[in-house]
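[1] heads up, no residue letters with this:
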């Protein structure tokens, strides 16, 4: 029985590209040392990637929200209009994801935190828009 599971795991490893073997299934969470290495331009660029991934239908998970939260902490105010557009794109996708019934409670809590930060702190939405129940 154990040899079968070993063979299955070996077969699964053979299907995974070599560069992905040591990457955790849910990815890496941001670390303080990594974030401190990022200047404004890099933080904006990574936020733009997250906006793109959300628009392409990648799932909104707690770990993705943690990344967005961490990147938002690196942004200086006032934000440039291009950054405001990226934040609005993220906000729009997070609001869509929040309204999906099959979201996990942990994910919804993380989504709500990021929505509140983008909407209120970065002034990308009014109170009514953020907390509208649809």
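    It's in. Just so it is clear, the model here is predicted, and its values are computed rather than measured.

[2] which residues of this structure score low on pLDDT?
    1-14, 101-103, 127-134 (pLDDT under 70).

[3] what sits against the residue most central in space within the chain?
    Central residue of the chain (C-alpha atoms, centre = their mean): residue 64, 2.5 Å from the mean position. Residue 64 makes contacts with 50, 53, 54, 58, as judged by C-beta atoms under 8 Å, 6 or more residues apart in numbering. No exception for glycine: its C-beta is placed from N, CA and C like everyone else's.

[4] state the distance from residue 67 to residue 18.
    Taking C-beta to C-beta, to the nearest Å as the measure, residue 67 falls 25 Å from residue 18.

[5] which one's more surrounded, the two?
    residue 67 (21 against 7; other C-beta atoms under 10 Å).

[6] can you point me to the longest helix in this structure?
    Under DSSP state H, the helix in the chain containing the largest number of residues is helix 81-98.

[7] next secondary structure after that one?
    helix 105-116 (DSSP states H and E).

[8] list the buried residues for that following helix?
    107, 108, 110, 111, 114, 115 (16 or more other C-beta atoms under 10 Å).

[9] name the nearest residue to the third one, ignoring sequence neighbours.
    Okay, so that is residue 110. residue 65 (3.6 Å; C-beta to C-beta, 6 or more residues apart in numbering).

[10] the one you found contacts residue 112, correct?
    No. Using C-beta atoms under 8 Å, residue 65 is not in contact with residue 112, being 9.2 Å away.

[11] can you put the contacts of residue 64 in CSV and add neighbour count?
    Below are those laid out as CSV (neighbours: other C-beta atoms under 10 Å):
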residue, neighbour count
50, 20
53, 14
54, 20
58, 12
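
[12] tell me which of those residues fall in helices.
    Among these, DSSP H puts 50, 53, 54 in helices.

[13] dump the residue contacts of the closest residue in space to the first one that isn't next to it in sequence.
    Spatially, and ignoring its direct neighbours in sequence, residue 50 is nearest to residue 68 (5.6 Å; C-beta to C-beta, 6+ apart). By C-beta under 8 Å, 6+ apart, residue 68 lies in contact with 47, 50, 90, 114.
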